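Peer 1: Provided below for reference: sequence and predicted model.
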Amino acid sequence: MSLINLIDVDYSVGGPLLLERVNLAIEAGERIALIGRNGAGKSTLLRLLSGELQADDGEVRREDGLRVARLEQEVPAGAGGDVWDVVAEGLGELGRWLAEYHHLSHAEDVDMDALARVQGLIESADGWSLDQRVTETLDKLELDGDVPFARLSGGMKRRVLLARALVSSPDVLLLDEPTNHLDIAAIDWLEGFLKGWQGALVFITHDRRFLRSLATRIVEIDRGQVTSWPGDWANYLRRREERLNAEAQENARFDKMLAQEEAWIRQGIKARRTRDEGRVRRLKQMRSERAERRELQGNVRMDLARGESSGKKVIDAKGLGFAYGDRVLVQGLDTTVFRGDRIGLIGPNGSGKTTLIKLLLGEIVPSRGEVRLGSNLQVAYFDQYRATLREDWNALENVAEGREFVEVGGKQKHVIGYLQDFLFTPERARAPITRLSGGERNRLLLAKLFAQPSNLLVMDEPTNDLDVETLELLEELLGDYPGTLLLVSHDRDFLDNVVTSTMVMEGEGRVGEYVGGYTDWLRQRPRQASPAAAGGTDRSTTTASPAPVSGGSAGPAPVAPSPRRKLSYKDARELEQLPARIESLEARLSELTSAMSDPAFFQGEPGAVAGHTAQLGAVQAELDAAYARWGELEGEAG
């Protein structure tokens, strides 16, 4: 039997059904990526799976005794106390008793009566084994239980909330945008942790590399319909394109037939006294079907209001340094940013990326050194905290700022029409900004930003809460932007697709400069810089020296590359056999995926479905390991 089974489930929040006749089964060991446009109902479906929401119609069946835990998209406002307290809350009332015992037993003046009372409650519920589970979960996720939760960074708070979800040993784990506010090292850690987790996983993410790494099945929500796509992300993209093409052809055929029938009925009055009543009834049915059709939501249409060209030198920094008290964020940075550069900033949360941007823009006075800004600069700034949006204004007022028209791409557009390009209906554009979702707020900030003429675009974490289609359009727009771009992002694919060079916060004030995007940095980074820049343990064996960007270099002297060692006979033999092994694994993966593509597949025995899915995941993991080993041996062989 499936762990959770949704049968003909409907759910509405007003207007057309948000979810319509949903049939979905969650099997043990699956890792399901839940995708769809912003507002399609992904978070709602997670809450239906967890039991927090009840379906309007249909049935949700759960295996007896099933444990389900959900990681919310945002950090709860009311969460407080120490990390130990927050994690123990995942055990319900017993967790609260354990947290109280934890505090009482660690107090300077122990209240023995209170301690005995709580101890009795825990013993009556046989709860001491769960106390040990809290400690083990904290150790597994590398958390200090005595640290106040409120003092943690956003990324560490997300890790604590994940520990709270895991402490109950759930059979099904539901994650809503788990990579939001995490730095690259934390995302890498989470990927590895979830790959080794044995339960069923359903997750929502905008991070395409995270999705490709984890998902064994894609479930898409589109216009209320939920469709399951067995296999990986590439298989989903290919088959979705085929489905949309078939849908477009069928709609065109239907619309042509409807137009012919409409022409017939108009001529029928003149041609004869009586009509074919069956044909009339068929026309009425066709009209009804056409009225109920839900069109595919359009894509955002983005364009930038471009300013005049800046000078050739945009920013010139010499001996730049900055510190907060004893903590040095930037030290001895010499760099020049030229017109047309697209620079990505990489580093762990709290390493000083936003501070560096403000130093380079002249918004913060450096502790030492100087910054010279080029001529004729027009700066547009995307703020990750969306502080530039006024809460007392609606979307229309935030973008218009008293104007009726904006000039974008050399053309004047009415503000309402401009906002419609960003998928805001006139009604939504006039709604209070407090009613907008996270994705809508990000789209609104992009609309506001792109309406400003600029030749220096600064974007601090622009990808949070954006759906994949909007992310890809934003990548194209930034790729064609003729001005200069400074981009802070933890989205590895986004960095690879947009930037031409990177600045990396390597710790102790060092800022390394490298040619290319995130993947290029991984190949170039020195071993010594890796732990600080990644924000954690270095997982790379790369020892190549950094390739400095034209116009300046910062940080320590390049590290001489380690000499290549000659492969042993065993390793050389393994390297020789790996291509054939990879080819065999890819063929097996394709075979398993094809079997799951049969619509009747998920109607088979639940045990067989679960076994097949687990086998698919195992083959995918084996293929990933083979590729990784191939790259490692190739690197050693030179």
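Peer 2: Sure thing, it's come through.

Peer 1: residues touching Gly321, list them.
Peer 2: Gly321 makes contact with Val328, Val330, Gln331, Gly332, Leu333, Pro366, Ser367, Arg368, Gly369, Gly509, according to C-beta atoms under 8 Å, 6 or more residues apart in numbering. To be clear about C-beta, it is placed using only N, CA and C from the backbone, and glycine gets the same treatment.

Peer 1: quick check, Leu575 in contact with Trp630.
Peer 2: Yes - Leu575 lies in contact with Trp630 (C-beta atoms under 8 Å); the separation is 7.2 Å.

Peer 1: hmm, back to that, restricted to strands, list the contacts of Gly321.
Peer 2: If you go by DSSP state E, those have Val328, Val330, Gln331, Gly332, Leu333, Arg368, Gly369 in strands.

Peer 1: ok, and the closest non-adjacent residue to Tyr381?
Peer 2: Closest residue to Tyr381 apart from its sequence neighbours, by C-beta to C-beta, 6 or more residues apart in numbering: Val458 at 4.7 Å.

Peer 1: pairing partners for the helix or strand containing that neighbour, with directions?
Peer 2: Element membership for Val458 (DSSP states H and E) is strand 456-460. Applying DSSP bridges to the sheet, strand 456-460 is found paired with strand 379-382 (parallel), strand 484-488 (parallel).

Peer 1: helix or strand next in line after it, which one?
Peer 2: Scanning forward in sequence from strand 456-460 by DSSP H and E, the next helix or strand is helix 468-480.

Peer 1: report the inter-axis angle for that next one versus strand 484-488.
Peer 2: Interaxial angle, helix 468-480 versus strand 484-488 (axes from the mean of the first three to the mean of the last three C-alpha atoms, to 10 degrees): 140 degrees.

Peer 1: show me what helix 468-480 is packed against.
Peer 2: Using 3 or more C-beta pairs under 8 Å, 6 or more residues apart in numbering; DSSP states H and E as the contact test, the elements touching helix 468-480 are helix 438-450, helix 492-498.

Peer 1: who's in contact with it?
Peer 2: 35, 37-38, 206, 208, 299-300, 302-304, 342, 439, 443, 446, 457, 459, 462-463, 466, 485, 487, 491, 494, 497-498.

Peer 1: return the members of the residues you listed classed as buried.
Peer 2: Buried by 16 or more other C-beta atoms under 10 Å: 35, 37-38, 206, 208, 300, 302-304, 342, 439, 443, 446, 457, 459, 462-463, 466, 485, 487, 491, 494, 497-498, out of the contacts of helix 468-480.

Peer 1: quick one: low-confidence ranges for the stretch 51-200 of the chain?
Peer 2: Applying pLDDT under 70 to the stretch 51-200 of the chain flags residues 77-79, 108, 110, 125-127, 129, 153-154.

Peer 1: what segments of it are strands?
Peer 2: Counting by DSSP state E, counting those that start in this stretch, the stretch 51-200 of the chain has strands at residues 57-62, 68-71, 172-176, 200-204.

Peer 1: dump the ones you listed to JSON lines, plus distance to Gly90 and mean neighbour count.
Peer 2: Converted to JSON lines, the strands of the stretch 51-200 of the chain look like this (distance: least, C-beta to C-beta, whole Å; neighbours: other C-beta atoms under 10 Å):
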{"stretch": "strand 57-62", "distance to Gly90": "19", "mean neighbour count": "15"}
{"stretch": "strand 68-71", "distance to Gly90": "7", "mean neighbour count": "21"}
{"stretch": "strand 172-176", "distance to Gly90": "11", "mean neighbour count": "23"}
{"stretch": "strand 200-204", "distance to Gly90": "17", "mean neighbour count": "24"}
